[in-house]
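In: generate a structure from the sequence data that follows.
(chains A, B and C)
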Amino acid sequence: MYAVANPSINNADLAKIRSSRCTVDNEIARVDSSGLRYRELNRILRDLVASGVKRIELYNVQGQRYIGTSLGGNIEIVISGTPGNDLGAFMDGPKIHVCGNAQDGCGNTMNSGEIVVNGSVGDIPGYAMRGGRLFIKENVGYRAGIHMKEYGSQIPAMVVGGTPGDFLAEYMAGGIIVLLGLNLEHDKIHRLSHVGTGMHGGRIYVRGEISGLGKEAVVKEITDQDISMLQPLIEDFSRHFDYDPWKIIDSEFLKITPNSDRPYEKLYAY
Amino acid sequence: MLKSYLYPEYYVERDQNKCIRCKVCLRQCTYETHRYDPEDDVMLSDHEKCVNCQRCVVFCPTRALTIRKNPVAYRENQNWTQEAIFDLKKQAETGGIVLTGMGSGKPNLTYFDRLLLNASQVTNPSIDPLREPMELVTFLGAKPNAIEVDQGPNGTSLKTDLSPQLRLEVPIMFSAMSYGAISFNVHEGLARSASEFGTFFNTGEGGLDRRLYKYGKNTIVQVASGRFGVHKEYLDVAAAVEIKIGQGAKPGIGGHLPGEKVTADISQTRMIPAGTDALSPAPQHDIYSIEDLAQLIYALKEATDYRKPVSVKIAAVHNVAAIASGIVRAGADIVAIDGVRGATGAAPKVIRDNVGIPIELAIASVDQRLRKEGIRNRAAIVAAGGIRSSADVVKIIALGADAVYIATAALVAMGCTVCQKCHTGKCPWGIATMDPYIAKRINPDIATERLVNLLRGWSLEMKEMMGGMGINAIESLRGNRLALRGVSLTDAELKILGVRLAGD
Amino acid sequence: MSIWQLNNPHKDPKVIDSCSLFGMMDLSGRRFNSKDPVRAIANMHERGNGLGGGFAVYGLYPEFEDDYALHIMYLDMDTKKTVETQLEKWFDIIKSEEVPSREANVSDPPIVWRYFGQPKRGQRPQSPDDYVVERIMRINTETGRAYVFSSGKNMAVFKGVGYPEDIADFFMLEEYQGYLWTCHGRFPTNTPGWWGGAHPFNILDLTVVHNGEISSYDANRRYLEMLGYNCTMQTDTEVLAYAFDLLMRKQHLPVEVVANILAPRLWSEIEKMNEEQRALHTALRQTYGSLLMNGPFSIVVAESGMMIGLTDRIKLRPLVAGTKGNTLYLSSEEAAIRVVSPNLDRCWTPRGGEPVIGRIGKAKTEGILLQEATVC
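Out: Next comes the predicted model:
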């Protein structure tokens, strides 16, 4: 017996689903997602965008995956409920706003766009992220920001209002990670292990202190150039989650960068 | 730096009578082995530096040069071989992992040479490919269990929606070699020849240079753990997407592009700082379990609107049959398996030579297993890892593969002599280097011509062999174990291969 | 064809699968029906492939509270007769009946019966539990066509080949009430699926549902077999169940210590501990090194009165915990918890290697605290 995980949907069924669950008003669509499989939901989103909708509000999202993956361009998606894994994976352009928590793989290999999560996210957010912005109000899980990259003006950023799990920024090659620790106890130490192992590019700005640096990562002082990168991110973060940006900008920040650009040079004999 | 106890592996023998001091050898050698002594008007060679790439030998106009292996000075010893001793000393000097390039050359890992093909005689006629059509067209992708048709007033039409397929004019594709491990001109040669011949080339894990987007229809793009160069356009131009889980040369560990090879171009394509080592971490960090692989496969299907086949490439390891079964059940349209002879631009020598299993055994057991589970048609199987000739292609298809990936063979066609120094970035043939001065030595027009010749030559040979067997369509060869017989193989080996002994 | 041929037809060194997990427990001991657990596990449909689903239910046989409830799968009626003859010799059976079921979207169900009874121990010095375990191991290895898949008191496992929601349908789980439910959806990769191979795995009261693959399996298996356990199902989940049985029931180690054996601290962390802790953790690794579970895993283990959630020490598999009032939830994905309880009191992700333990009467939890999600 072989079970097919996601058989294709035919157009007649899809049309029925659309008419019973979507309402479109001007360029805003509202979709009741309850009970929909991810393939159906994402097809509906694609069709809505193709028909010119600019803002989509999803209600009763119950773990559907890959929301935003197949969409491009200047559209806004607001999610109420809990989106499933790989939210915005490979995404190029849209802005997604999640009213609660998101799960694993948020912003996986994201190219451009924005994901704003009014809660926490699971593991592996921003894996191989290459552009765009990820704003998380609270915590991120394990293995955040692995292999983030940048080139020229395409610099991805992940701003975490709380604190991350272990194995942050492994193999980081570019981009910006900001850890604000707003929910930490008053001694403000981000307690994790294995930060920046294999890091060879990029930078992590930490409000407060951090434990567990890997051997390729080193703490440096903030410069004016850093502040010019950090400030707009904090302002945007504060705008999204209703904080006073100046209270945050006014704190002590450290910067973590790679201590060499060839961390593995000594490992090999040629 | 510790003093090296190693002595030259090769020495350069120059016939001074033939040498005309043209200095071509000096210019061609990228390892600075040759030099000219103006006082004595003589060419001298620094044997320590010679890696036996044969560039100077080929280009010397008077054939004055020969490279000889420096005879083993150590007492002969089957256990403590020269190679073992050299590697130990190198490690003692550096404390590092000994790197190497290309595929494993160890003995007893090749089964192709112990498999023989059939020919039709008397009871069944052979077919002459010069006169009669011989079909090599192959489609890679998931096939349904059955077809449904619609019978209407205008005749019968197809009702079933088939999964996306790749059409190959010949069951041979160019395997993954990353931009960075090899130069742009080589990538261009592979892209153009695949395009001209009607097959595909694989970008490898380094992304795809924009200048090659126009060959997208013949390109399989790879998504590896470093996710280098993976963005919407990359996925959009491609004909298929391949998730790289592993490769035969280094199963279980990540990719490594030494900083020397990360030039400005590579920095842009891979989006990492120039001069850093480009490391692809060992696991894809979002795949820790089979359901995670299923999750990534469907993420890519969503990202490409289910219009392109998604392939998964693995190294052939001990439980490859079970793994392949899991991959097929996870939704992959193509499973590419790379055997222990698979090559690489850089890998730790111990892993290259000691990890993985031969592709012949892997394909035989995967094909058998998928058939036993009734799911063989759900994915195409592509074999890779040391395919050297059209005979190897025919044999591996008879063992169950749908098509093959070749890489070393393609590089050899362009000039490579398998000297195993790709990781230094100094390939004098201009292939495994990013140095713009040396990389110019590969002319994309000539490279394309050579590769097209290779594919053409192999196609003609395959047609002759198939005709000799009495078949005129590749479908009849696929999994046809009776086309093979074994020699010098044990019963257990014959059993796994599913092949009888010659004479039986 | 024997059960282990069905379970592992290709004679692979072990069965590999992957999955979804869910656990729900009322910490006050109040019993509830199957509706929420089934809805939650059905929500994680994508993680499975329909080739396995199962549930463990605790507190469902109040009228047989103190009797061992043996649930057995038979491949044929002759085997059933043979095994029942043995059961008569070994146990005083109070009640025996076919486990009620209805037609559902599941494949090839075996014959499934349950027996309530007490051991006939006579003069043996063995504890009743050891007696029962020994008898079950014999039944499971002798005929090759019968499998005791649940053997605790006032608890039962229901499992088979089908999506978990279909298994719930087949076994009519809506008829039962329990204070603790664990659920599993399976995605086996190298076996077409046999009813006994689904999760949960059980020994006496203990059940394990598991997501991931233990790469140290053979080392773990050899150690346990040396101590008398028969790993007939050739799966890592079975090995986990026996490891818990050995450490908790036989060696009386507290749960927190068991977690530290299966998912021990890294040596680099042990170096940083105070002397007392360092001595303990070093001794655990020295003694129980063969039970170190290497590889990604998240598990929900249940026993009478207790539910434990645990991931491997570098948390390669997901596990989310939540509480609402007296109810503790554990799940592979947060969305599944939210489907049955949208407004949680607390929702968090436990740290790798640190257990979440729910006991009747109190909830003890550790981990990174996630604040409640706000609804826009």
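
In: would you map the strands across the stretch 401-504 of chain B?
Out: B:403-406, B:484-486, B:500-501 (DSSP state E, counting those that start in this stretch).

In: which residue, other than its chain neighbours, is closest to the residue of the stretch 101-250 of chain A at minimum distance from chain B?
Out: The stretch 101-250 of chain A approaches chain B most closely through residue A:128 (3.3 Å), counting by C-beta to the nearest C-beta. Where C-beta positions appear, they are placed from N, C-alpha and C, glycine not excepted. Distances taken as C-beta to C-beta, 6 or more residues apart in numbering or on different chains put residue B:227 closest to residue A:128, at 3.3 Å, once the chain neighbours are dropped.

In: residue C:100 now?
Out: In space, residue C:100 is closest to residue C:172, 5.5 Å off (C-beta to C-beta, 6+ apart).

In: show me the domain layout of chain B.
Out: Residue ranges for the domains of chain B, per automatic domain parsing: B:10-71, B:72-99, B:138-501.

In: whoops, chain A was the one
Out: If you go by automatic domain parsing, chain A breaks into A:28-118, A:121-270.

In: mean pLDDT and mean neighbour count added to those domains, as TSV?
Out: As requested, the domains of chain A are arranged in TSV below (pLDDT from 0 to 100; neighbours: other C-beta atoms under 10 Å in any protein chain shown):
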stretch	mean pLDDT	mean neighbour count
domain A:28-118	93	23
domain A:121-270	91	21
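
In: which of those sits closest to residue C:84?
Out: Relative to residue C:84, the nearest member of these by C-beta to C-beta is domain A:28-118, separated by 44.3 Å.

In: measure that closest one end to end?
Out: One end of domain A:28-118 to the other measures 21 Å (C-alpha to C-alpha, to the nearest Å).

In: how close does residue B:202 get to chain C?
Out: Remark: distance between residue B:202 and chain C (C-beta to the nearest C-beta, to the nearest Å) = 25 Å.

In: check contacts around the nearest residue to that residue once chain neighbours are set aside.
Out: Setting aside the residues directly before and after it, residue B:202 is nearest to residue B:176 in space (C-beta to C-beta, 6+ apart), at 4.0 Å. Counting by C-beta atoms under 8 Å, 6 or more residues apart in numbering or on different chains, residue B:176 makes contact with B:202, B:203, B:204, B:205, B:222, B:242, B:244, B:247, B:313, B:405, B:407.

In: for residue B:176, identify the helix or strand it belongs to.
Out: Assigned by DSSP states H and E, residue B:176 belongs to no helix or strand.

In: repeat for the one 10 residues further on
Out: Following DSSP H and E, one finds residue B:186 within helix B:184-197.

In: chain A contacts on the stretch 101-250 of chain B?
Out: B:161, B:223, B:225, B:226, B:227, B:228, B:230, B:231, B:232, B:235 (C-beta under 8 Å from any C-beta of the partner chain).

In: host element of the residue in chain C positioned nearest to chain A?
Out: Here chain C gets closest to chain A at one residue, residue C:335, 2.8 Å apart by C-beta to the nearest C-beta. Element membership for residue C:335 (DSSP H and E) is helix C:334-340.

In: that helix: what's the following helix or strand?
Out: Counting by DSSP H and E, what follows helix C:334-340 is strand C:346-348.

In: give the other helices and strands that that following strand contacts.
Out: Counting contacts by 3 or more C-beta pairs under 8 Å, 6 or more residues apart in numbering or on different chains; DSSP states H and E, the secondary-structure elements packed against strand C:346-348 are strand C:320-324.

In: list the strands paired with the strand it packs on, with their directions.
Out: Here strand C:320-324 has these sheet partners by DSSP bridges: strand C:327-331 (antiparallel), strand C:346-348 (antiparallel).

In: which one of the ones you listed lies nearest to residue A:115?
Out: strand C:346-348 (19.4 Å).

In: how close does residue B:477 sit to chain C?
Out: 26 Å.

In: in chain B, what residue lies closest to chain C?
Out: residue B:326 (2.9 Å).

In: so how far is residue B:370 from the residue lying closest to residue B:372 once chain neighbours are set aside?
Out: In this structure, residue B:372 finds its nearest non-sequential neighbour in residue C:10, 7.0 Å apart by C-beta to C-beta, 6+ apart. Residue C:10 sits 11 Å away from residue B:370, going by C-beta to C-beta, to the nearest Å.

In: circling back to that earlier point, which one of the strands of the stretch 401-504 of chain B lies closest to residue C:37?
Out: strand B:403-406 (46.6 Å).

In: do you know how far the residue of chain B closest to chain C is from residue A:268?
Out: Residue B:326 is 33 Å from residue A:268, by C-beta to C-beta.

In: please apply the same query to residue C:55.
Out: Relative to residue A:268, and taking C-beta to C-beta, residue C:55 is found at 52 Å.

In: so what pLDDT did residue C:17 get?
Out: Note on residue C:17: pLDDT of 69.

In: typed the wrong thing, it's residue B:23
Out: 94.

In: wait, what's in contact with it?
Out: Residue B:23 sits in contact with B:34, B:36, B:43, where contact means C-beta under 8 Å, 6+ apart.

In: mind doing that once more with 6 Å?
Out: residue B:36 (C-beta atoms under 6 Å, 6 or more residues apart in numbering or on different chains).

In: one more: residue C:195?
Out: C:73, C:110, C:160, C:161.

In: swap in residue B:219?
Out: Contacts of residue B:219 by C-beta under 6 Å, 6+ apart are B:238, B:239.

In: ok, residue B:291 next?
Out: So residue B:291 contacts C:18, C:47, C:187 (C-beta under 6 Å, 6+ apart).
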